[in-house]
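A.B. asks: Could you look at this predicted model? Sequence included:
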Amino acid sequence: MQSNQIPHAVVAPDTLADPPAHEASAAHQTAAGGGAFAEFMGGKLPRWALVRHRMDPAEVGDVAEAVGAALDSVRASIRPGSRVCLAVGSRGIDRIADVAREAVVWLRAAGAEVFAVPAMGSHGGATAEGQLEVLASYGMTPQSLGCEIRSSMETVEIGEVRPGVPVFVDRNAYEGADVIIPINRVKPHTDFTGEVESGLMKMISIGLGKQRGADTFHRQGFASFHELIPEVAEFTVSKVNIPFGLALVENGYARLWHVEAVPKARIWDRERELLVMARERMARLPLAQMDVLVLDYIGKDISGLGMDSNVVGRYYQGPTGAGPEIQRIVVRDLTPETEGNAVGIGMADVVLRRGVEKMDTHKTYMNCITAKTPEGARVALTVDTDLEALSVAIACSLKVVSSATRIVRIRDTKHLEMLYVSEPALDEVMATGRCEIVRPLEEIEFDAAGMFVSEL
């Protein structure tokens, strides 16, 4: 006699087995788009609204005027006939090519000969060609700057700041110039906190040291950076003629707000003051707690970590403690300007496959190895569509009902003017008094391919 029971596999008592698979209903598959993770995509999502985040819009209007005025204050430092090297190359600075070009124009008018070097540690895959490519992506080429760019990974060791901590300087800058002038933005750093973080002293101590210097520095660990950066910078300016640096500060819209030439005698005191100014103007999310943050892009042009830890409130090891509190982060893509460097993708919880496939493993790994943070290249849950990504992120969140999820979507952590905010968080955002609704509440819509219909 035939049995009417459905046959099943026999599993030994001490053998682990996958849970049984359940077929999603036709209605569930339709609502979820079917395919992978359909069981997590049946819940109703909240509506969201497009919001404009208002910040102080003050910025530099005339770059030539601002750079000229800053350099006029240190004119005595440049003698006619001097060979001047501009150290450039920090990521994503507003109008950095214009600033550097105007510096070249001013220096030439002062009678100096000028060339530039990439001062960016291990960026660009730690190759001379790669660093030229990075500068070009920032709009800095010999043609745009009006001067030669000498790119090499060769360095000169100028001494030890501590036992076992040698200090390096780019060979072209050290041997080919009478004067070195770093140009950099002062801002909060993503990996450590101190009185001085990202800025002139960091470019002098790490950027000019190229890969060897950056590697040596990072071997000491980020916990020592707040002490080492000033020590190495002050040691370097005592050995190398760096009479001043050109410091830049941006506003909350990532626009150039302030240009200042800082003499070496005041670099420690003044950079601390500029960091306070930069921190006060830095854009932050207008929400203290959210369930899911969706980032359209990460990239080295956005932040050294791809996403700014000061904005998302987390680092590789977890929350920074400074807020905001975010349960899950979704990353949709890499910026074209990052050229495959996906460092920081390890801070995400869910990523789209298109971003993962754009990763240049050599550039990403080189950056992470030099920084001693291999976790920065770890790839999280990888899915194909926005619908899957958002649904999985919600499913991975604690004490969340899909329809009541606090969702925020931004382009990236550098551009926080426009953001989508879900209805459960909208009142809190509007209560800040710094936001206005640009587009009223609407459904979170996806196209036939499962991608967001709305663009930022």
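C.D. replies: Here it is on my side, so go on. Computed from a predicted model, the values in this text were never measured in an experiment. Numbers count the residues shown, from 1 in each chain.

A.B. asks: hey, let's count contacts and neighbours off CA atoms from now on
C.D. replies: OK.

A.B. asks: Mind jotting down where the helices sit in the stretch 101-250 of the chain?
C.D. replies: With DSSP state H, counting those that start in this stretch, the ranges of helices along the stretch 101-250 of the chain come out as 128-137, 142-145, 171-176, 200-205, 210-218, 225-239.

A.B. asks: So what are the structural domains in this structure, by residue number?
C.D. replies: Structural domains assigned to the chain are 36-55+284-442, 63-281, following automatic domain parsing.

A.B. asks: Of the helices of the stretch 101-250 of the chain, which is nearest Lys187?
C.D. replies: The closest of the helices of the stretch 101-250 of the chain to Lys187 is helix 200-205. By C-alpha to C-alpha, the value is 10.1 Å.

A.B. asks: and the closest one, what's its mean pLDDT?
C.D. replies: What helix 200-205 shows for mean pLDDT is 93.

A.B. asks: circling back to that earlier point, out of the domains of the chain, the one nearest Leu456 is which?
C.D. replies: Of all the domains of the chain, domain 36-55+284-442 comes closest under C-alpha to C-alpha, at 6.3 Å.

A.B. asks: circling back to that earlier point, kindly present the domains of the chain as TSV, with separate columns for mean neighbour count and distance to Val453.
C.D. replies: TSV is the format used below for these (neighbours: other C-alpha atoms under 10 Å; distance: least, C-alpha to C-alpha, whole Å):
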stretch	mean neighbour count	distance to Val453
domain 36-55+284-442	20	10
domain 63-281	20	25
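
A.B. asks: Could you work out the end-to-end span of stretch 111-121 for me?
C.D. replies: Stretch 111-121 has an end-to-end distance of 30 Å (C-alpha to C-alpha, to the nearest Å).

A.B. asks: from the chain's centre, how far out does it sit?
C.D. replies: How far stretch 111-121 lies from its chain's middle: 24 Å, per C-alpha atoms, centre = their mean, to the nearest Å.

A.B. asks: mean confidence for that stretch?
C.D. replies: The pLDDT scores in stretch 111-121 average 94.

A.B. asks: 24 is where my numbering starts, stick with that
C.D. replies: Okay, using 24 as the starting number, the last item reads as stretch 134-144.

A.B. asks: what does it contact?
C.D. replies: 101-113, 127, 130-131, 154-155, 158, 170-174, 193, 195-196, 226, 229-237 (C-alpha atoms under 8 Å, 6 or more residues apart in numbering).

A.B. asks: Same question for stretch 401-411.
C.D. replies: Residues from elsewhere that reach stretch 401-411 (C-alpha under 8 Å, 6+ apart): 55, 59-60, 64, 355, 368-369, 371-377, 379, 412, 469, 472-475.

A.B. asks: low-confidence ranges in the stretch 24-173 of the chain?
C.D. replies: Low-confidence segments of the stretch 24-173 of the chain, defined by pLDDT under 70: 24-58.

A.B. asks: Strands along that one, start to end?
C.D. replies: 71-76, 106-111, 136-141, 171-172 (DSSP state E, counting those that start in this stretch).

A.B. asks: Please report the distance of Gly244 from Gly147.
C.D. replies: Applying C-alpha to C-alpha to Gly244 and Gly147 gives a distance of 22 Å.

A.B. asks: Kindly report the same for Tyr339.
C.D. replies: Going from Tyr339 to Gly147 by C-alpha to C-alpha gives 22 Å.

A.B. asks: what do you get for Ala87?
C.D. replies: Ala87 sits 29 Å away from Gly147, taking C-alpha to C-alpha as the criterion.

A.B. asks: quick revisit: dump the helices of the stretch 124-273 of the chain to TSV, plus distance to Ala306.
C.D. replies: What follows is the helices of the stretch 124-273 of the chain, written out as TSV (distance: least, C-alpha to C-alpha, whole Å):
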stretch	distance to Ala306
helix 151-160	24
helix 165-168	30
helix 194-199	35
helix 223-228	21
helix 233-241	28
helix 248-262	23
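
A.B. asks: looking at the ones you listed, which is closest to Glu183?
C.D. replies: Closest approach to Glu183 among the helices of the stretch 124-273 of the chain (C-alpha to C-alpha): helix 248-262, 8.7 Å.

A.B. asks: and the closest one, what other elements does it pack with?
C.D. replies: On a contact count with 3 or more C-alpha pairs under 8 Å, 6 or more residues apart in numbering; DSSP states H and E, helix 248-262 meets strand 178-185, helix 223-228.
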